[in-house]
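**Student:** what's the 3D shape of this:
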Amino acid sequence: MVGSLYLSNMRLLLAGAAAYSMSTLFSAMKPVLLTRIVEQNGWSDALAGLTVAMPFVGIAASALFVAMLTKRWALRTLGLAFGVVLITAEIASVVVFDTVALLLPLQLIGGVSVGVLMGAASGVIARRETPGPLFGAVDMAGVLVMSSMIALIGAAVQRAGLAGGYGAAALIAMVLVALMLPYREHATQQEHAKASTPLDINTRAIAVIVMAMLFVTCSGLGFTYMFTVAQSLGMTYAEAGRGIGVLLLVSAGACLVGGWASARFGPYRPLAFAYIVCAVGWYGVVHASNPTVFYASLVPAVFALQFNFPVLLDLAGSLDSEGRWGAINAPLQTSGFAWAAIAAGFIAGTFGVQALATATGIGMAVCLLLLLPARGRARIIS
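**Tutor:** Got it, this is the predicted structure:
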């Protein structure tokens with residue numbers, strides 16, 4: 001019995017890590033393909049930016065129906081069906097990478113598929129007895145493999161252009177989908193999910209979902225201009241890339257710490273602490289006067305994001321016993337990375353790069369305020 005439960009948890013961990021790695025696959029593709037689209041296709045920066053943002057729009061859109069899908073079908077079934085859709089979309093992109101009317105909807109469909117797979121995996125994890133550490137582990141796995149995926153896609157683009165980049169994405173997606181398939185839910189788990197009551201839309205649930213999206217969006221504002229700030233301090237692109245790359249890799253450990261803290265102390269105190277740390281960290285990064293201050297401030301800023309991500313997933317998963325709010329939250333929370341890039345460009349272009357610190361601070365203050373209704377008793381509003 002114990003051995004069977006351990007094996008089931010390991011298979012779920014593998015499936016969840018694969019699902020979350022699919023979202024970081026798009027994050028890995030974004031910086032590499034953005035430049036290459038402009039160079040190879042001759043498209044404008046705005047159109048190239050829209051192209052690499054489309055998967056994240058799809059991830060967000062999947063939240064509209066993912067709860068319904070997870071109620072009807074098991075994770076393995078969804079993994080197989082939407083995994084095939086994702087792979088097909090990336091393979092088709094190899095052929096039509098220079099046709100905007102075809103590439104944009106294909107990338108949108110790929111994003112929808114990833115959003116469903118993330119949501120389905122999150123819903124299953126949320127129904128476990130101690131989901132916090134599991135969320136921390138799958139989130140950490142996604143962060144760790146992102147650096148490898150950037151290297152693989154970069155090499156593919158260097159060798160075969162945009163066709164190579166999308167081809168590499170298709171191959172990576174095949175591997176990740178294959179890792180999801182060994183997990184099978186027990187019959188009792190599936191029946192429990194299918195016999196759930198109508199989704200309870202209440203003020204607490206809305207506060208948690210909005211807080212999760214807002215935190216990821218506002219904590220990601222500075223990421224867009226990290227290299228800009230570094231270069232203003234006299235660092236070369238290569239020097240900044242090495243330092244930031246190592247920091248991002250090490251920060252993956254904060255995912256595990258966040259999952260443990262959520263299980264040990266509950267979500268609210270860890271979240272409040274990390275909101276404050278995040279605001280202070282990004283203020284230091286944006287206003288840094290030398291590289292030492294830049295990196296010293298970047299540590300808490302980046303670690304706060306990685307720490308809070310699984311805590312917010314765990315909190316959303318606790319909103320209902322079937323894990324449907326967790327399934328809805330996962331793609332919406334992840335979509336914050338896309339909104340961060342869009343908002344950062346507008347803020348920096350209108351008010352200057354230093355205004356990003358102010359925007360982050362305001363966002364963290366709102367997140368602190370949202371902890372009040374997030375803790376409150378649920379009240380049905382529709």
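
**Student:** and Arg242, how many neighbours?
**Tutor:** 12 (other C-beta atoms under 10 Å). All C-beta atoms are positioned from the backbone trio N, CA, C, and that covers glycine.

**Student:** Pull the contacting residues for it.
**Tutor:** With contact set as C-beta atoms under 8 Å, 6 or more residues apart in numbering, Arg242 has no partners.

**Student:** mind checking pLDDT for it?
**Tutor:** On the pLDDT scale, Arg242 is placed at 77.

**Student:** Check which helix or strand it maps to.
**Tutor:** Secondary structure from DSSP states H and E places Arg242 in helix 237-251.

**Student:** Check which residues of the helix or strand just after that helix are buried.
**Tutor:** Downstream of helix 237-251, the first helix or strand assigned by DSSP H and E is helix 253-265. Residues 253-263 are the ones in helix 253-265 that count as buried (16 or more other C-beta atoms under 10 Å).

**Student:** Over to stretch 235-253?
**Tutor:** Those would be 235, 240, 243-244, 247-248, 251-253, for stretch 235-253 by 16+ other C-beta under 10 Å.

**Student:** close enough to count as contact, Leu249 and Met146?
**Tutor:** No. Here Leu249 lies out of contact with Met146, judged by C-beta atoms under 8 Å, at a distance of 9.0 Å.

**Student:** Tell me where the longest helix sits in this protein.
**Tutor:** When the chain is parsed with DSSP state H, its longest helix is helix 131-180.

**Student:** which secondary element of the protein has the worst mean pLDDT?
**Tutor:** Lowest on mean pLDDT, DSSP states H and E among the helices and strands of the chain sits helix 187-194, with a mean of 49.

**Student:** CA-only coordinates of the next helix or strand after that helix in PDB, if you can.
**Tutor:** Next helix or strand after helix 187-194 toward the C-terminus (DSSP H and E): helix 203-219. Once non-C-alpha atoms are left out, helix 203-219 reads as follows in PDB (Å, rounded to 0.1, in the frame of the first residue of the first chain):
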ATOM      1  CA  THR A 203     -15.300  36.800  -3.100                       C
ATOM      2  CA  ARG A 204     -12.500  34.800  -1.500                       C
ATOM      3  CA  ALA A 205     -11.800  32.800  -4.600                       C
ATOM      4  CA  ILE A 206     -11.800  35.900  -6.800                       C
ATOM      5  CA  ALA A 207      -9.400  37.600  -4.400                       C
ATOM      6  CA  VAL A 208      -7.000  34.700  -4.500                       C
ATOM      7  CA  ILE A 209      -7.000  34.400  -8.300                       C
ATOM      8  CA  VAL A 210      -6.600  38.200  -8.900                       C
ATOM      9  CA  MET A 211      -3.800  38.300  -6.200                       C
ATOM     10  CA  ALA A 212      -1.900  35.400  -7.900                       C
ATOM     11  CA  MET A 213      -2.100  37.100 -11.400                       C
ATOM     12  CA  LEU A 214      -1.200  40.500 -10.000                       C
ATOM     13  CA  PHE A 215       1.800  39.200  -8.100                       C
ATOM     14  CA  VAL A 216       3.300  37.400 -11.000                       C
ATOM     15  CA  THR A 217       2.600  40.400 -13.300                       C
ATOM     16  CA  CYS A 218       4.100  43.000 -11.000                       C
ATOM     17  CA  SER A 219       7.000  40.900  -9.800                       C
END
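
**Student:** What is helix 203-219 packed up against?
**Tutor:** Secondary-structure packing of helix 203-219 (3 or more C-beta pairs under 8 Å, 6 or more residues apart in numbering; DSSP states H and E): helix 268-286, helix 291-317, helix 324-334, helix 336-351, helix 355-375.

**Student:** so where's the stretch 151-300 of the chain uncertain?
**Tutor:** 186-198, 237 (pLDDT under 70).

**Student:** one more time with 50, if that's ok
**Tutor:** Counting by pLDDT under 50, the stretch 151-300 of the chain contains low-confidence residues at 187-189, 195.

**Student:** rewinding a little: out of the helices and strands packed on helix 203-219, which gets nearest to Pro31?
**Tutor:** Pro31 sits nearest to helix 336-351 of all the helices and strands packed on helix 203-219, at 10.4 Å, using C-beta to C-beta.

**Student:** buried ones in that closest one?
**Tutor:** Those would be 336-341, 343-345, 347-348, for helix 336-351 by 16+ other C-beta under 10 Å.

**Student:** will you turn those into JSON lines that also has pLDDT and distance to Met29?
**Tutor:** Formatted as JSON lines, the buried residues of helix 336-351 follow (pLDDT from 0 to 100; distance: C-beta to C-beta, whole Å):
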{"residue": "Gly336", "pLDDT": "87", "distance to Met29": "18"}
{"residue": "Phe337", "pLDDT": "80", "distance to Met29": "12"}
{"residue": "Ala338", "pLDDT": "79", "distance to Met29": "13"}
{"residue": "Trp339", "pLDDT": "85", "distance to Met29": "18"}
{"residue": "Ala340", "pLDDT": "84", "distance to Met29": "17"}
{"residue": "Ala341", "pLDDT": "76", "distance to Met29": "13"}
{"residue": "Ala343", "pLDDT": "85", "distance to Met29": "21"}
{"residue": "Ala344", "pLDDT": "83", "distance to Met29": "19"}
{"residue": "Gly345", "pLDDT": "79", "distance to Met29": "19"}
{"residue": "Ile347", "pLDDT": "88", "distance to Met29": "24"}
{"residue": "Ala348", "pLDDT": "84", "distance to Met29": "23"}
